[in-house]
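Student: Sequence plus predicted model, see below.
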Amino acid sequence: MPAGESQHPRDSSNVISIVSESEKPSTSEPALASLVGLTIVVADDDRIARELLAGILRRHGFVVESVPDGQLAVERVAKGGVDLVLLDVLMPRLSGLEACRLLKGMTSDGFLPVVLVTAKTDTASRVEGLKIGADDYVCKPFEEDELVARVQAMLRIKRSHDHVIVSRARLEQLSLHDDLTGLYNYRYLHARLNEEFKRAERYHDPLACLVIDIDRLQAHNDAGGRDAGDRVLRFVADTIRRSLREVDVVARFGGDEFLVVLPSTHFAGSVTVADRIFQDANQRIAGWEQRSALPVALSLGVALFPSRDVRTKDALLRGADAALHAAKRDGGNRICVYQQQGQMYTPVSGFSVTETAPKAIKPRSDRPYYRSDRPTAPSSVARPPVTPERKPE
């Protein structure tokens, strides 16, 4: 080697070779239409080489941001919106290998292609880069066609990987949520109710369960088609969701049924929530006649743990179901609360606004009492005592 010639990999012959390659007419195909506009970060401390790489990629339709070292490349990737990174191996502050290691740690949940650009052509240098997580490499001096082909290949792999991630998230969403209403489905509910019941047992905490049924949903389907029934389901789901706390759980329990789990909720709190859902639905239903000639009515069954006959999760569900069946059996559009075997108690306000509220009467153990929006005889109405709100979160 002649005296005075640099032994640094970034010598003048390399630069001249790269420049001469860029002067050749490009024979590569334009970037695929689906890849045009993607963002690439180029990190190289050699300004000429950096601008050469950026210019080639821009001519093929990519958005290129160039930085002089690995530290700035890492900081740019941290801001998001980067699809691929080209790193020179030898750079000040943070080398390409160190930057690659950091980038792969930052993007463990996704896939960010990292391509190393190096003047070292020996196998050991390439293997070192691949071992730390680099996805590909380009050797200097490089051919423009090869560079663009490798970049496009990495971006196609990234696109496929992103599609898999989106599909997996969609499948997870469908496995836990009801597609029509956006609420949790029965699969999630089963696991969550089991967790909440075990927590209530362990900490001697109250737990309430509501089963809500839409009265005569089939009539809406018959009158306006299945779309009309779907609108009712979404309307009721939205009403229930608005009436709950963040810690409460609501799921679509069946075709026209919803189940609500209320952690740390006593009798008074469960009745308050049930009444709020009932009232909110009736208030918001006021304009329903503009969309359907049929009214929307709800029946609600409530059960509580712990109580004399509710010692297990299954008994809690059976109690809520029994209360709901009692409400449906007596005409629907009401709330029924299951307290213990053979006794139902339901808050009611079955008098019109022009009537005087009847005095409270003692519930009997041989018949249920209800909450309904239809007028009833004073002798068959019971009002609940004033009780405190639910236990705070």
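Tutor: Structure's in. What do you need?
Student: Helices of the protein, start to end?
Tutor: Using DSSP state H, the helices of the chain run over residues 12-23, 47-59, 70-78, 96-106, 123-131, 144-176, 186-203, 217-224, 226-242, 267-284, 313-329.
Student: Could you check the angle the shortest one makes with helix 226-242?
Tutor: What that stands for is helix 217-224. Interaxial angle, helix 217-224 versus helix 226-242 (axes from the mean of the first three to the mean of the last three Cα atoms, to 10 degrees): 130 degrees.
Student: Where does the prediction get shaky in this structure?
Tutor: Within the chain, the stretches with pLDDT under 70 are 1-33, 108, 120-122, 125, 284-293, 339-393.
Student: So A208 sits against L259, correct?
Tutor: No: using Cβ atoms under 8 Å, A208 is not in contact with L259; the gap is 11.3 Å. C-beta here means a position set from N, CA and C on the backbone, and glycine is covered the same way.
Student: if you count what's nearby, which of those two comes out ahead?
Tutor: A208 (27 against 24; other Cβ atoms under 10 Å).
Student: rewinding a little: just put the helices of the chain in CSV and tack on distance to V41 and mean neighbour count.
Tutor: Shown next, in CSV, are the helices of the chain (distance: least, Cβ to Cβ, whole Å; neighbours: other Cβ atoms under 10 Å):
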stretch, distance to V41, mean neighbour count
helix 12-23, 19, 13
helix 47-59, 10, 18
helix 70-78, 5, 20
helix 96-106, 10, 19
helix 123-131, 17, 13
helix 144-176, 12, 14
helix 186-203, 40, 15
helix 217-224, 55, 16
helix 226-242, 42, 18
helix 267-284, 51, 19
helix 313-329, 53, 20
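Student: can you tell which of those helices is closest to V115?
Tutor: In terms of Cβ to Cβ, the element of the helices of the chain nearest to V115 is helix 144-176, at 6.3 Å.
Student: Tell me the helices and strands packed up against the closest one.
Tutor: helix 47-59, strand 84-88, strand 114-118, strand 136-139, helix 186-203 (3 or more Cβ pairs under 8 Å, 6 or more residues apart in numbering; DSSP states H and E).
Student: E144 - nearest residue in space that isn't next to it in sequence?
Tutor: I56 (5.5 Å; Cβ to Cβ, 6 or more residues apart in numbering).
Student: any idea how far the residue nearest to the spatial centre of the chain is from V261?
Tutor: Nearest to the mean C-alpha position of the chain, counting by Cα atoms, centre = their mean, stands Q173 at 6.7 Å. Distance of Q173 to V261, given as Cβ to Cβ, to the nearest Å: 20 Å.
Student: now do Y188
Tutor: Y188 is 11 Å from V261, by Cβ to Cβ.
Student: List the contacts of the closest residue to T239 other than its chain neighbours.
Tutor: Distances taken as Cβ to Cβ, 6+ apart place A281 nearest to T239, at 4.8 Å, with adjacent residues excluded. Taking Cβ atoms under 8 Å, 6 or more residues apart in numbering, we find A281 in contact with V236, T239, V296, L298.
Student: distance of the last one from F235?
Tutor: The one in question is L298. 11 Å.
Student: Also the third one?
Tutor: Summarising the geometry, the distance separating V296 from F235, computed by Cβ to Cβ, is 7 Å.
Student: correct me, but the residue nearest to E144 touches E146?
Tutor: No: counting by Cβ under 8 Å, E146 is not a contact partner of I56; they are 11.0 Å apart.
Student: A323 touches A303, doesn't it?
Tutor: Yes: under the criterion of Cβ under 8 Å, A323 makes contact with A303 at 6.2 Å.
Student: Now the common contact residues for the two.
Tutor: V337, Y338.
Student: Make JSON lines out of the helices of the chain and add distance to D88.
Tutor: What follows is the helices of the chain, written out as JSON lines (distance: least, Cβ to Cβ, whole Å):
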{"stretch": "helix 12-23", "distance to D88": "12"}
{"stretch": "helix 47-59", "distance to D88": "7"}
{"stretch": "helix 70-78", "distance to D88": "8"}
{"stretch": "helix 96-106", "distance to D88": "5"}
{"stretch": "helix 123-131", "distance to D88": "11"}
{"stretch": "helix 144-176", "distance to D88": "13"}
{"stretch": "helix 186-203", "distance to D88": "49"}
{"stretch": "helix 217-224", "distance to D88": "65"}
{"stretch": "helix 226-242", "distance to D88": "53"}
{"stretch": "helix 267-284", "distance to D88": "62"}
{"stretch": "helix 313-329", "distance to D88": "61"}
